[in-house]
Structures are given as structure tokens and as C-alpha cells.
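Chemist: This is the structure alone, sequence omitted:
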């Protein structure tokens, strides 16, 4: 595509924001002053094109400093990277946290997703907007899940500037949310990660045993509590030995697909094409999911170590941690942990003096659920719209930058540490033969003790809800989040395993468990799920782009009792749902009908 730049110029602040990331431009090709320059040739174009993957960080830099992305700022960023402005505009408008229209420097994101909706988010939004009023200098935006479901309702304030300032208010009310937006520095300090772990202090915990025990900023404290024991054993075993241990452990991916981790690692390690890459998917945007956030905030060095082990096993020397933009404290904690590990020789050119080079780069997402799909995540890192790719080829063959890539989520990776420290047989003895090891469950909704629970696979849904303190007026339980399915109160004996939930006609997904009592209007809840998928569809394929809209329209008619009667709309929903499930490119469209279907068939939601 040809480069066509407009006449708009960046402001001094916008130029400074970009230059702070890239350094000053070295040639007029990159946007330097042309006066006195030799214009007979252009230097720097090839180097700039090789930095296309810095487009997303560049957009963040502008948005963080100014609060929105103007035409002049976008044009200057495009010159620095030799990216066609039309393509960069497509990327900037893809993400919910960016704006290409003028808006106040302070944005208050108020979650309106499932757990927060059940906790009164609509009334909260109305109260905040009434309190602030026009001309307040604060933009109030209704947001999809902020990953704070155990503290619903939740709000995140972002005040642009140098530096950008953020404040989380959860659980929040009108007064607390307005304070967070008007004075982020004066807002109460966010709760520690351990507050989201009701089992804290239980010595049987394996994955969460350090949360609330170690200082998350202290590398020495982490090492004093067993940190880097797994990496030392990995070096003793060698790459093939590590993969053999992970394979023998039976570890399945914890992101919902449940693919055997050892097979994925072996397939990548055996690829002759180099370099290999490791990508940690920390973009947990499924409504009801917050386990990765708790690990990153409460035990960040565990993830750094686990990524190093995985990279060593598959022969990768560069890793990327893709972390959702709605997690400012997790970003800070992980960046500090990476920097400290690098300074202490645990990352870099000679990890632990073993002659192995590995480093981690953190990339922030910007509000796009679809980027949780692995190939969409790769496109996002590379500086393109976060749209899924067709498969094959699979990521183990051609993933990030077209090279063999292993992609795992946070929970999957941190499971590797106990596999190496306790041994594959001991790990495999936990749980069931088909689902081995411990599992993290995110419990929220109408329960007394919401939070992240660690239990062995095979625990029943009823046992988990008893720990969380569910009441006697339970109406339904949503397993797997918005892409999951509902179960009835008389189905709580479902074993929480991948095979057990499949046999019960539902899904475990990433471990979301949301309980709802009779006070939650089910038709409105289903409509919110449909709105979520409509908003989050990338629009690349017709079945999902059109189907999610038709699904929402039909549910609107049912809720409002307008148009066709419910029977006709339910028949239409089934037809649209089948089309999305059979013909969509990725899991978003394929699962967008699941929760609605289960609510109709299992709960009789519209009877």
C-alpha cells in the first residue's frame, strides 16, 4: 500500500510521547526536520519497516500521554514506523481503550459485564453520570469485564499525562468511582492480591501457596520460598527431559481448549525453522475470569521463571508476555519482576550461568476479547488488527512473525513449576486420569466468598460452591464464562474436569464459575452476553459478524416483547447459533450461542 500522509501535524506533546518510545528521529524519512537535509535519497526506511510490531506500543504511548489519538499524532507515528496511515487507523480503531475522537484526559471505565451487572452496574453508571454531569472533564465509558469480578461492581480510572495515572475502585459506589476519576492519586490503595484468595494460608495449595506469603516485589523472598528450583532442575534435565516430564504429567492447557501441553512443546521444539518464540497469553478477557491477574499481582516471579523454563524446553530465546491493558497493577508488577530478574542474571544473555539466552518483552493489550485467541494475539503483537488467522498452518509451525511458536496462558505455565519440583508421577496423581493436577476456579456472582479457588480436578461443582458460600436461592450457575454454559441447581454433582463437564453437556472453559440467584433477571443477563459477543466480534467472517447482531436483536425482541413472538425468535436463535458454530473462523463465533442455548434448554429461560 502506498503511503499517503495528511497535512495534520502532531503537537509537541504528541511528538514527545512517540519520541520517548523510539528516540528522536534520525532522518527526514522518519519525520525529522527536513531543513538542510539531503533529499536525494531516504535513509531509515528498511529499519523502520522492521519495527512494525511497535505500532501498538506507539499507540499506547500517545493515548497514555494525551488521552486520545489525533490524526497528526497517528501520522507522525506512521512516519516513524513506515506504516500506511490507513492501516494504522484500522489498528487504532480496533481496540476499545483507544479513541481517535477528542475526549477528556480522564476516562472512567465502569464494568457492565455479568458479575457487575448482577451487582447493580446499570444503576451505578447512571449515578456516576448524574454526579459528574457535562463539562466535568471525565468521560464515563461502559466497559466489558475489567477482571475484578470478585469485587463487583468495579471501575477503572485512567488519567492521561506524563506519567499516566490509574486508579481501581472495586467494589465501588458513586462516591468512590467519582473520587477515583477526579483524583486518581488520592483514591484508596487497591486491595492486595491475597484478598482474592479465600484459601490463603492453606498449606495444601500448590499454585497459590506464595500469594500473600511472599513480597511480590522481592526476588530474594521468592527464592527463599522455593523460587528458581524448577529452572535449575530444568537445566539438569535438558530440553528433551523437560518436555518428557511435562508430557508424562498429563498437563492440559488451562485456557479452555485443554490441548496437551507436552505435545505442543514437542511439536514446536522439533521444528527446523528458527527462531522459535514463546508467547504467554495473559489477556484473560472472558467475563468472570481473574485468576491470571491474581498470580501476576501476587506471585509475578513465578511467571517469569515458568516462561524461562518453557522457552528453554522449546528452544526459544525471546518471549512475549501479552497482558491485558485493563490490568495496570499487573503490568507494573510484571515489568518490575522482569527488570529485576534481568539485573540478577535470571534473564538475558546467560541465564543462571548456563550459557542459555532468554529475555521477556511485555506487550499491553488495549481492550479486545478476540486477542485471547492465539493467532489474533500474534497479529496484535505484530502491529496488525487482532483478527484470527485461518488454520493450518498451526502456530507450532508458523506463529508469531511466521516462526514456530508456543502459546500458553499464565495458569498453564505456572503449573510447570510444581511438575518439575515434585516430579511428573506425583503431579499426575493429583486430580483424575483425564484431568491431572490442581485447577484454579474463578468464583463470583451471588456467593459469600468470591475469589480464586485452587482445588484438584474432580472436585464437584457443589463442593466448590459450598466453599464459596452459595445461598439456598440459587437460580443457575454459569460455567466457562460468556462462552460457556448454564447448569441448574440440581446438577451440582458435576465433576469439575474437562471430561466430566463434557459428559454433562457443558464446558469447564478456563475455570469460570458464576452463581446467580433469583434476584438476577435471566433474560437481561442473556441479553448482556449477546451484547458482549456483538461488541467483541472482530467482524472478519460473516457468520460471526452478522450472527452476533442477529442474536442480540432476537434477544432484544424477546426481552421487550416486540416483533415476532418468543417461539419464532427462539427458532431463529437456533438457526443463527448453528450457523455461527459451524462456519465461524474462530472460537468466538463458534461459542457465542452456547450460553443462550443452555439457558433455553436447561433453564427454560423464556418459559
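Modeler: Looks like it came in fine. Just so it is clear, the structure is predicted and the values come from calculations on it, not from any experiment. Numbering: from 1, shown residues only.
Chemist: which residues in the stretch 351-500 of the chain form strands?
Modeler: 359-364, 405-409, 438-445, 451-456, 474-479, 485-487 (DSSP state E, counting those that start in this stretch).
Chemist: A helix includes residue 514, no?
Modeler: No. Counting by DSSP: H, G, I helix; E, B strand; the rest coil, residue 514 is not part of a helix but strand.
Chemist: who's it bridged to?
Modeler: residue 444, residue 478 (DSSP bridges).
Chemist: close enough to count as contact, it and residue 441?
Modeler: No. Using C-beta atoms under 8 Å, residue 514 makes no contact with residue 441, being 10.7 Å away. Backbone N, C-alpha and C define where each C-beta goes, glycine included.
Chemist: Of those two, give the one with the bigger neighbour count.
Modeler: Taking other C-beta atoms under 10 Å, residue 514 and residue 441 do not tie; residue 514 has more neighbours (28 against 23).
Chemist: Can you give me every residue that contacts that one?
Modeler: Contact analysis of residue 514 by C-beta atoms under 8 Å, 6 or more residues apart in numbering lists 114, 115, 149, 287, 288, 443, 444, 445, 477, 478, 481.
Chemist: of all the residues you listed, which comes closest to residue 275?
Modeler: Taking C-beta to C-beta as the measure, residue 481 is the one of these closest to residue 275, at 34.1 Å.
Chemist: Contact partners for the closest one?
Modeler: Applying C-beta under 8 Å, 6+ apart, we find residue 481 in contact with 286, 287, 288, 289, 509, 510, 512, 514.
Chemist: what about the third one, is that helix, strand or coil?
Modeler: For residue 288, the secondary structure call by three-state DSSP comes out as coil.
Chemist: To what extent is it buried, counted in neighbours?
Modeler: If we define neighbours as other C-beta under 10 Å, then residue 288 has 29 of them.
Chemist: sorry, back to before: which among the contacts of residue 514 gets closest to residue 73?
Modeler: residue 287 (32.2 Å).
Chemist: Tell me how far the closest residue in space to residue 391 that isn't next to it in sequence lies from residue 400.
Modeler: Closest residue to residue 391 apart from its sequence neighbours, by C-beta to C-beta, 6 or more residues apart in numbering: residue 375 at 7.2 Å. In this view, residue 375 and residue 400 are 9 Å apart by C-beta to C-beta, to the nearest Å.
Chemist: for the stretch 401-550 of the chain, what spans make up the helices?
Modeler: Secondary structure of the stretch 401-550 of the chain (DSSP state H, counting those that start in this stretch): helices at 410-422, 424-428, 461-468, 498-503, 522-536, 542-560.
Chemist: no, scratch that, I was asking about the stretch 201-350 of the chain
Modeler: Under DSSP H, counting those that start in this stretch, the stretch 201-350 of the chain gives helices at 219-224, 229-237, 239-249, 261-269, 291-298, 300-314, 328-343.
Chemist: Who are the packing partners of the first one?
Modeler: The contact analysis (3 or more C-beta pairs under 8 Å, 6 or more residues apart in numbering; DSSP states H and E) places helix 219-224 against helix 300-314, helix 328-343.
Chemist: Now do the contacts for residue 51.
Modeler: 22, 81.
Chemist: Go again with 7 Å.
Modeler: Neighbour list for residue 51: residue 81 [criterion: C-beta atoms under 7 Å, 6 or more residues apart in numbering].
Chemist: Got the phi and psi for it?
Modeler: phi -110, psi 20 (degrees, to the nearest 10).
Chemist: thinking again about what came up before, taking the contacts of residue 481 together, which two end up most distant?
Modeler: Based on C-beta to C-beta, the longest span within those runs between 510 and 514 and measures 12.2 Å.
Chemist: Of the helices and strands packed on helix 219-224, flag the one that's most buried.
Modeler: Mean neighbour count (mean count of other C-beta atoms under 10 Å) peaks for helix 300-314 among those, with a mean of 26.
Chemist: Got phi/psi on the nearest residue to residue 418 once chain neighbours are set aside?
Modeler: If the residues on either side of it in the chain are set aside, residue 418 comes closest to residue 206, at 5.1 Å by C-beta to C-beta, 6+ apart. The phi and psi values for residue 206, taken as degrees, to the nearest 10, are phi -110, psi -50.
Chemist: Next, count neighbours for residue 206.
Modeler: For residue 206, the count of nearby residues is 17 (other C-beta under 10 Å).
Chemist: Quickly note the distance from it to residue 426.
Modeler: For residue 206, the distance to residue 426 equals 11 Å [C-beta to C-beta].
Chemist: sorry, back to before: residue 160: which of the contacts of residue 481 is nearest?
Modeler: residue 287 (26.7 Å).
Chemist: Next up, the contacts around the closest one.
Modeler: 113, 114, 145, 481, 482, 532.
Chemist: isn't there a strand covering the third one?
Modeler: Which is residue 145. No. Per three-state DSSP, residue 145 lies outside any strand segment and is coil.
Chemist: got a list of what residue 485 touches?
Modeler: Contact analysis of residue 485 by C-beta under 7 Å, 6+ apart lists 479, 506, 507, 594, 595, 598.
Chemist: quick one: low-confidence ranges for this protein?
Modeler: Where the chain drops to pLDDT under 70, the residues are 1-5, 28-31, 33-49, 562-564.
Chemist: bridging residues for the residue lying closest to residue 125 once chain neighbours are set aside?
Modeler: Nearest non-adjacent residue to residue 125, counting by C-beta to C-beta, 6+ apart: residue 110, 5.2 Å away. Taking DSSP bridges, one obtains residue 142, residue 155 as the residues bridged to residue 110.
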